[in-house]
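Participant: the following block contains a protein sequence and its predicted model.
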There are 2 protein chains.
Amino acid sequence: MRPAKARVRKRIAGPQRAARTTKPQRSVPRAASGATSTRAKPLALGDLSQLLGYSIRRAQLWIFKEFSRQLAAFEISPAQFSVLCVIDANPGVNQLAVAQLLSIERAGLGRLVDHLEGRGLVRRSASAVNRRYYVLYLTDTGTALLGRLRPAAAASDKALAAKIGPRAYKELQRALSTFVGDA
Amino acid sequence: MRPAKARVRKRIAGPQRAARTTKPQRSVPRAASGATSTRAKPLALGDLSQLLGYSIRRAQLWIFKEFSRQLAAFEISPAQFSVLCVIDANPGVNQLAVAQLLSIERAGLGRLVDHLEGRGLVRRSASAVNRRYYVLYLTDTGTALLGRLRPAAAASDKALAAKIGPRAYKELQRALSTFVGDA
DNA sequence: TATTGTTATACTCTATAACTATA
DNA sequence: TATAGTTATAGAGTATAACAATA
């Protein structure tokens, strides 16, 4: 049998162990020329290698992995860390302002703040000036945790600096500053 | 009433229009000091602004948005484009090799290739040398489409170059080359 | 009528485990 | 026993529409 083919699947959520009644069969074109696939020739990225956008994507994946590794003990995601930082830097900020600053959807940010509040890191208070607002503060627990997150985040950024070199680190910080603050 | 609070939610999937029986009430600390939240003072990013990792994340989000804008007419995501590029550059490659090169899970790549095959862009053939393999090729349709995607992807990368400047573009290409090829 | 926050929903990604066929 | 591909599933993240309360 072939590697279990199900072409043009329907993406349905079937039963847990679906019965494999119909064995997929297809005409096997032996005349596939020199298609060895026996891991000898190195693979090429093609046009991808010329696109800076792809390099940045790969760098970002590496950074999230490194960040998660450094902060694994705290169970804090990059997005959660960014929200804690913004609340810490702007005590009494409201949710929409945080969402806009970080380019997060307000609905998603609401759930994220729910989570942080449930862990006792963030406190929601009613605004005295506009009753539609919540104003956000770090709790003492939140402040204490952020104090421990900061060195870990800095270590993760240092690992990045070590990977690309200190000069490139400075160059990137200057070159990419345009992206921080706008969408 | 307050802004409809449901603190420490349970993340359950309730009925479409859940009855809002319990009106959330909480002690309103008026002594919230100078927490105005009336959009006057500019917000600060806090420690975030010092982390290159955050800048790269923001840059990557911008790039995906720009890429999707340029390729909207083709309904091709960045990930799909990357797979088309790799198959084009390595005719007869097998799925696992593509997954490893692009750091995509093989399960996810299988579904992605399903989609591309369903659109008639990619052809799966049985390997002549190892019957566990599929070998992947672009169809004529896929090759033709990639020919039209290439300029669009290049335009998206040019927009990035225009945003950061040509010198920074070259610097980044050199500095980030370490991330292309490994995890 | 517009705005803040919430809810519900859907879709994509990611990650994992288990399974079939093959080696 | 190990590997390629698939399936199922669960968890995040994202995007949107609609609603309540408030302005």
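Facilitator: Noted; the coordinates are in hand.
Participant: nearest residue to the residue most central in space within chain A in space, please, no chain neighbours.
Facilitator: Nearest to the mean C-alpha position of chain A, counting by C-alpha atoms, centre = their mean, stands residue A:64 at 6.0 Å. Setting aside the residues directly before and after it, residue A:64 is nearest to residue A:78 in space (C-beta to C-beta, 6 or more residues apart in numbering or on different chains), at 5.9 Å. In short, each C-beta sits where N, CA and C put it, glycine included.
Participant: just the pLDDT at that neighbour, thanks.
Facilitator: Residue A:78 is assigned a pLDDT of 96 by the prediction.
Participant: quick one: residues contacting it.
Facilitator: The contact partners of residue A:78, by C-beta atoms under 8 Å, 6 or more residues apart in numbering or on different chains, come to A:64, A:67, A:68, B:53, B:57.
Participant: in chain A, which helix is the longest?
Facilitator: Secondary structure of chain A per DSSP state H: the longest helix is helix A:140-164.
Participant: buried sites along the very next helix or strand once past it?
Facilitator: Heading C-terminal from helix A:140-164, the first helix or strand you meet, by DSSP states H and E, is helix A:166-175. Neighbour counts using 16 or more other C-beta atoms under 10 Å in any protein chain shown place A:168, A:169, A:171, A:172, A:173, A:175 of helix A:166-175 among the buried residues.
Participant: could you do stretch A:129-141 as well?
Facilitator: If you call a residue buried by 16+ other C-beta under 10 Å, then stretch A:129-141 has these buried ones: A:133, A:134, A:135, A:136, A:137, A:138.
Participant: okay but the fifth one is in contact with residue A:94, surely?
Facilitator: If I follow you right, that is residue A:137. No. Look at residue A:137 against residue A:94 with C-beta atoms under 8 Å: they stay out of range, at 11.3 Å.
Participant: between those two, what contacts are shared?
Facilitator: Common contacts of residue A:137 and residue A:94, defined by C-beta under 8 Å, 6+ apart, are absent altogether.
Participant: phi, psi of the residue nearest to the centre of chain A?
Facilitator: Main-chain torsions, residue A:64, degrees, to the nearest 10: phi -60, psi -40.
Participant: roughly how far apart are the residue nearest to residue A:64 and residue B:143?
Facilitator: 38 Å (C-beta to C-beta, to the nearest Å).
Participant: how about residues contacting the longest helix of chain A?
Facilitator: With C-beta under 8 Å, 6+ apart as the test, helix A:140-164 has contacts from A:62-63, A:66-67, A:69-71, A:74, A:76, A:81, A:84-85, A:87-88, A:116, A:120-123, A:138, A:169, A:172, B:47, B:50-53, B:175-176, B:178-179.
Participant: which stretches of chain A form strands?
Facilitator: Taking DSSP state E to define them, one finds strands in chain A at A:122-126, A:134-138.
Participant: to DNA strand C, which of these lies closest?
Facilitator: Comparison of those against DNA strand C by C-beta to the nearest atom of the strand identifies strand A:134-138 as nearest, at 4.3 Å.
Participant: the closest one near chain B anywhere?
Facilitator: Yes. Strand A:134-138 reaches chain B (C-beta under 8 Å from any C-beta of the partner chain) through A:134, A:135.
Participant: chain center to that strand, what's the gap?
Facilitator: 24 Å (C-alpha atoms, centre = their mean, to the nearest Å).
Participant: got it, and stretch A:109-125?
Facilitator: For stretch A:109-125, the separation from the chain centroid amounts to 19 Å (computed by C-alpha atoms, centre = their mean).
Participant: near DNA strand C, which of the buried residues of stretch A:129-141 show up?
Facilitator: Among the buried residues of stretch A:129-141, the ones lying near DNA strand C by C-beta under 7 Å from any atom of the strand are A:133, A:134.
Participant: looking at the buried residues of stretch A:129-141, which is nearest DNA strand D?
Facilitator: Of all the buried residues of stretch A:129-141, the one with the least separation from DNA strand D (C-beta to the nearest atom of the strand) is residue A:133, at 8.0 Å.
Participant: low-confidence ranges, chain A, go.
Facilitator: Per-residue confidence for chain A (pLDDT under 70) gives these ranges: A:1-41, A:182-183.
Participant: mind doing that once more with 90?
Facilitator: A:1-42, A:72, A:126-132, A:134, A:180-183 (pLDDT under 90).
Participant: those helices in it, which residues are they?
Facilitator: Going by DSSP H, chain A shows helices at A:52-70, A:78-89, A:95-102, A:106-118, A:140-164, A:166-175.
Participant: close to DNA strand D, is the fourth one?
Facilitator: Which is helix A:106-118. Yes. Interface with DNA strand D: helix A:106-118 contributes A:107, A:108, A:111, A:112 (C-beta under 7 Å from any atom of the strand).
Participant: got a winner among those residues for most neighbours?
Facilitator: Counting neighbours by other C-beta atoms under 10 Å in any protein chain shown, residue A:112 leads these with 22 neighbours.
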